[in-house]
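In: just to be clear, the model below is a prediction. Sequence and coordinates:
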Amino acid sequence: MLHIATVHHRSPRWIEIQTRYLRRHISIPYQTWTSLEGIDPSYAVHFDRVIDQAGGHAGKLNHLAMEIAHEADESDLLMFLDGDAFPIADPMPLIRDGLVKAPLIAVRRAENLGDEQPHPCFCVTTVGTWREIRGDWSIGYRWKIPDGRRPTDVGANLLRALELTKTPWVDV
């Protein structure tokens, strides 16, 4: 089973588009989990599970992962997907290929000042791996970029968890 965690905040603009493309392109059984802070509750019909939560983006993703991990099997897939992201083709071949190489596959936004961390616009791992590495989307950990600056951003603590556990990951 695939569990998709996505956060929508204040605007329902992408909800119907995202869920339509998920239905069209996800080729395995899946459940959608979301947060709809500041969005009319009628949009809940587009998701399997809506978790009432407030706070920042990283905290909401972490909370969705905790809720999913409470119910899911260790071998279930856990996908993080930004609220304005959606597949334009079946992502399962990319996911299967990536997970053969490493236990986590994610976008790395190298164009954004050389970001090194996994980004939640698209990230997939197993529930077991997420638990084992104590996955965390929070900012905090800082890496060094070529000009000497030390940025942090969403996914920074996940990068550090991967480093500390010596867990490789595939960047997309």
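Out: Here it is on my side, so go on.
In: show me which helix runs longest in the protein.
Out: The single longest helix within the chain, with elements called by DSSP state H, is helix 57-71.
In: that one: what's the following helix or strand?
Out: Remark: after helix 57-71, the chain's next helix or strand is strand 77-81, criterion DSSP states H and E.
In: ok, and what's touching that following strand?
Out: Residues lying outside strand 77-81 but in contact with it, judged by CB atoms under 8 Å, 6 or more residues apart in numbering, are 1-6, 18, 30, 61, 65, 68-69, 72, 95, 106, 120-127, 130, 137. Every C-beta, even on glycine, is put in place using the N, C-alpha and C of the backbone.
In: which strands and helices lie in contact with the longest helix of the chain?
Out: Using 3 or more CB pairs under 8 Å, 6 or more residues apart in numbering; DSSP states H and E, the elements in contact with helix 57-71 are strand 2-9, strand 30-37, strand 77-81, strand 118-126, helix 127-133.
In: which parts of the following helix or strand past the first one are buried?
Out: Spelled out, it's strand 2-9. Along the chain past strand 2-9, the next helix or strand (assigned with DSSP H and E) turns out to be helix 15-25. Buried positions in helix 15-25, judged by neighbour count with 16 or more other CB atoms under 10 Å: Ile15, Gln18, Thr19, Tyr21, Leu22.
In: spatially central, which residue of this structure would that be?
Out: To find the centre residue of the chain, average its C-alpha atoms and take the closest one (CA atoms, centre = their mean): that gives Phe80, at 1.9 Å.
In: angle of the longest helix of the chain against strand 118-126?
Out: Orientation note: helix 57-71 sits at an angle of 0 degrees relative to strand 118-126 (axes from the mean of the first three to the mean of the last three CA atoms, to 10 degrees).
In: centre of the chain to helix 57-71, how far?
Out: Between the centre of helix 57-71 and the centre of its chain there are 10 Å (CA atoms, centre = their mean, to the nearest Å).
In: what's the local residue count around the closest residue to Phe122 other than its chain neighbours?
Out: If you skip the residues right next to it in sequence, Phe122 has Val107 as its closest partner in space, 4.7 Å away by CB to CB, 6 or more residues apart in numbering. Neighbour count of Val107, defined by other CB atoms under 10 Å: 19.
In: which helix or strand contains Val107?
Out: If you go by DSSP H and E, Val107 is part of strand 104-108.
In: which other helices and strands contact that strand?
Out: Where contact means 3+ CB pairs under 8 Å, 6+ apart, strand 104-108 is packed against helix 92-101, strand 118-126, strand 170-171.
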